[in-house]
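# Here is the input, now give the coordinates:
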Amino acid sequence: MSKLLIVDDEIDVREFAKNFFKKRSINVLTASTGLEALDIINHEHPDLVLLDIRMEEMNGVEVLRKLREGKNGIKVIMVTGVEDEAVVNETQSLGILGYIHKPLILEELEKIVLRELQKT
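Below you'll find the predicted structure:
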């Protein structure tokens, strides 16, 4: 069974996406902070991470940098409510699969996530 990690500091977003993907027989893990996400990634080795950019303490870009510093090639899709060209360029240079914009559109989210999980 595929493992998906959803990283977002908004509990409503996390729980909504978690329930949505559990109904599609995907093992869903969640994290509310960047540090929690790094810990889960190191122990659980998810197949795909949905990573929110704007979080307290450690934002999604910092999490992504830490992953790549550790030579972790895990698949990452960034989730954002704000378009920032500098952040887009940096995250793309760090090897993300793409962006999903908030508010989440379930059909788009499902299509992208299922496509990437099928490749694993």
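# check which helix or strand covers the residue nearest the centre of the chain.
The centre of the chain sits closest to L50, judged by Cα atoms, centre = their mean, with a distance of 1.5 Å. Per DSSP states H and E: L50 is located in strand 48-52.
# And for that strand, what's in contact with it?
2-10, 13, 17, 37, 41, 60, 63-64, 74-80, 100, 113, 116-117, 120 (Cβ atoms under 8 Å, 6 or more residues apart in numbering). Just so you know, the C-beta spots here come from the backbone N, C-alpha and C atoms, and that holds for glycine as well.
# Next SSE downstream of that strand?
helix 60-69.
# Which strands border the helix or strand following that next one, and is each parallel or antiparallel?
For helix 60-69, the following helix or strand on the C-terminal side (DSSP H and E) is strand 75-80. The pairing partners recorded for strand 75-80 under DSSP bridges are strand 48-52 (parallel), strand 98-101 (parallel).
# Redo these as CSV? Include distance to E85.
Shown next, in CSV, are the strands paired with strand 75-80 (distance: least, Cβ to Cβ, whole Å):
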stretch, distance to E85
strand 48-52, 18
strand 98-101, 12
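# deepest of those strands, which one?
strand 48-52 (a mean of 26; mean count of other Cβ atoms under 10 Å).
# just how off-centre is that strand within its chain?
0 Å (Cα atoms, centre = their mean, to the nearest Å).
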